[in-house]
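Student: Just need the structure, nothing else, for what follows:
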Amino acid sequence: MALQISATNPEHPALLLELPWHLPLEEWPEDILVPLPRGISRHVVRYARAGAEVIAVKELAERPALREYELLRDLDRLSIPAVDALAVVTGRADRSGGPLESVLVTRHLGGSMPYRSMFETTMRPATMHRLMDALAVLLVRLHLAGFAWGDCSLSNTLFRRDAGAYAAYLVDAETGDLHPQLSNGQRDYDLDLARVNISGELLDLEASGALHPSVDPVEFGMEICARYHRLWEELTRTSVYPAGKYHYIERRIRRLNELGFDVAEMQIEHSPGGDSVTFVPKVVDAGHHQRQLLRLTGLDAEENQARRLLSDLESWMATQEDYAPGDPLAARPEVLAHRWVRDVFRPTVRAVPVELRGSMDPAEIYHELLEHRWFLSERAQHDIGLDTAVTDYIEKILPKARETLEPTLPQ
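Tutor: Numbers count the residues shown, from 1 in each chain. Next up, the predicted model:
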């Protein structure tokens, strides 16, 4: 069978053809590999360069490779946080014509880390709680979209910094299945698997001495269930309000917005007696602040980063002379937002030397600078200004933090 490459982008096949598909992944030469941290996998996985792209290549049988490729593309269409599927390569053979396993090619998720790399230095329990929050949000988003993961675990997840929290991304969709809607039994099965897998992974860390002594692996594994149920209940519960109290519905929607979700479709019914109203969110989409920031500024960020940037944008807009909410003659929010990007956001980020940024993207850098400004202002008991905070951050904070940042990729 001849080598076949199915790709999502017309440019990828030409780049991928230059890779040594006649060799098993374990034998790929070091000069094309990229030394990035890898998590535990049941398959052989390597990071490599394809032109300017850094890719993850996973070796597996043809049917599961094709299936996972399509599932990842489905998740991308549903705007679910997951790695990007670039291609699937089948029909591989060594130089003597012997068959080799197919491979799935995904784009490396910049700034991400597998959980075991994050535990190389003992992680504080508070940070672990933030990881559980991120994983619970990911699992809820998958279930709302009708995706049964079938193998939720820390090993099958990548984490990115997100304004003091973390964002979780699905890595392995091999065991997943997409449905119009999941039953309670399907969701409970996924959640039980997550609990068992996470407890097992933490027990493994405990045995290696990499787990904080105050952390109980079994109890921490159960935490994903509690966090998942709280979020699922908030997003899907039915609310009954007195007739005429329609602002209660608006309050519920604002609460969902604060959690980072939009209500795309809802069901509102009056009781037979007309004395109450039932409100049910039927379709809930994550990414409320992401979409708002993208619409106003064109910046694409994680949800918590977007929330923080929007807060700073609103504070800055309030200081502008041509800002007058409700005045049709005043500057539109979109105009002010692009002025903020041009005059505040970009110059601030560019002030941080590229070699000191590590794996932080521009939105995360800006969040870090805002945090440092707040810290210095609290200590000084007055606002010290963003320029002063940037200078102090570059001189005193970044050199010390550089060792903990993911190394930049080799050129």
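
Student: which residues make contact with stretch 124-139 from outside it?
Tutor: By Cβ atoms under 8 Å, 6 or more residues apart in numbering, the list of residues contacting stretch 124-139 from outside reads 81, 115, 118, 149, 152, 154, 157, 159, 162, 164-170, 190-191, 194, 198, 212, 214-215, 220, 223-224, 227-228, 231, 260, 286. (Each C-beta comes from the backbone N, C-alpha and C, glycine too.)

Student: Now do it: distance to the chain's middle.
Tutor: Centroid separation for stretch 124-139 versus its chain: 12 Å, with Cα atoms, centre = their mean, to the nearest Å.

Student: and what of stretch 189-203?
Tutor: Computed by Cα atoms, centre = their mean, the separation of stretch 189-203 from the middle of its chain amounts to 20 Å.

Student: swap in stretch 172-183?
Tutor: Averaged over its C-alpha atoms, stretch 172-183 has a centre that lies 19 Å from its chain's centre (Cα atoms, centre = their mean).

Student: do the same with stretch 203-223
Tutor: A distance of 24 Å separates the C-alpha centroid of stretch 203-223 from that of its chain, computed with Cα atoms, centre = their mean.

Student: Please spell out which residues along it are buried.
Tutor: Of the residues in stretch 203-223, those scored as buried under the neighbour-count criterion (16 or more other Cβ atoms under 10 Å) are 205, 210, 211, 212, 215, 217, 220, 221, 223.

Student: Count the neighbours of the closest residue to the last one other than its chain neighbours for me.
Tutor: Leaving out its chain neighbours, the residue that sits closest to residue 223 by Cβ to Cβ, 6 or more residues apart in numbering is residue 132, at 5.2 Å. A count of nearby residues for residue 132, using other Cβ atoms under 10 Å, gives 22.

Student: Following the chain onward from the helix or strand harbouring residue 132, which element is next?
Tutor: Element membership for residue 132 (DSSP states H and E) is helix 125-144. On the C-terminal side of helix 125-144, the nearest following helix or strand under DSSP H and E is strand 147-148.

Student: That next one pairs with which strands?
Tutor: Within its sheet, and counting by DSSP bridges, strand 147-148 is paired with strand 177-178 (antiparallel).

Student: circling back to that earlier point, please report how far the residue nearest to residue 223 lies from residue 151.
Tutor: Remark: distance between residue 132 and residue 151 (Cβ to Cβ, to the nearest Å) = 17 Å.

Student: State the pLDDT value of residue 135.
Tutor: Residue 135 is assigned a pLDDT of 94 by the prediction.

Student: Restricted to buried residues, select the contacts of stretch 124-139 in ChimeraX.
Tutor: The following ChimeraX selection, which keeps only the buried ones among the contacts of stretch 124-139, applies the criterion 16+ other Cβ under 10 Å:
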select :81,115,118,149,152,154,157,159,162,165,166,167,168,169,170,190,191,194,198,212,215,220,223,224,227,228,231,260,286
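
Student: In strands, which of the contacts of stretch 124-139 fall?
Tutor: With DSSP state E as the criterion, strands contain 157, 159, 162, 165, 166, 167, 168, 169, 170, 286 from among the contacts of stretch 124-139.

Student: can you list those in TSV and add distance to residue 48 and pLDDT?
Tutor: Compiled in TSV, the ones in strands among the contacts of stretch 124-139 are given as follows (distance: Cβ to Cβ, whole Å; pLDDT from 0 to 100):
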residue	distance to residue 48	pLDDT
157	22	93
159	22	93
162	27	88
165	31	84
166	26	89
167	25	92
168	24	94
169	20	95
170	21	96
286	32	85
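
Student: Redo those as CSV? Include distance to residue 239.
Tutor: Output for these, formatted as CSV (distance: Cβ to Cβ, whole Å):
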residue, distance to residue 239
157, 32
159, 33
162, 29
165, 27
166, 30
167, 29
168, 28
169, 32
170, 31
286, 20
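
Student: Quick check: the two most widely separated of those?
Tutor: The most widely separated members of these, counting by Cβ to Cβ, are 165 and 170 (17.5 Å).

Student: all helices for the stretch 201-350 of the chain, in order.
Tutor: With DSSP state H, counting those that start in this stretch, the ranges of helices along the stretch 201-350 of the chain come out as 217-236, 247-258, 288-297, 303-317, 333-340, 346-350.

Student: Would you mind listing the buried residues in the fourth one?
Tutor: Neighbour-count burial for helix 303-317 flags 303, 304, 305, 306, 307, 308, 309, 310, 312, 313, 316, 317 (criterion: 16+ other Cβ under 10 Å).

Student: What separation do you get for the third one and residue 65?
Tutor: I take that to be residue 305. Separation of residue 305 from residue 65 (Cβ to Cβ): 33 Å.

Student: now do the fourth one
Tutor: With distances taken as Cβ to Cβ, residue 306 is found 34 Å from residue 65.

Student: The second one now?
Tutor: According to Cβ to Cβ, residue 304 stands 34 Å off from residue 65.

Student: likewise the last one?
Tutor: When distances are taken as Cβ to Cβ, residue 317 and residue 65 turn out to be 49 Å apart.

Student: in this structure, what spans have low per-residue confidence?
Tutor: Counting by pLDDT under 70, the chain has low-confidence residues at 1, 11-13, 39, 121-122, 326-330, 400-411.

Student: Would you point out which residue is most central in it?
Tutor: In the chain, the residue lying closest to the centroid (Cα atoms, centre = their mean) is residue 167, at 3.6 Å.
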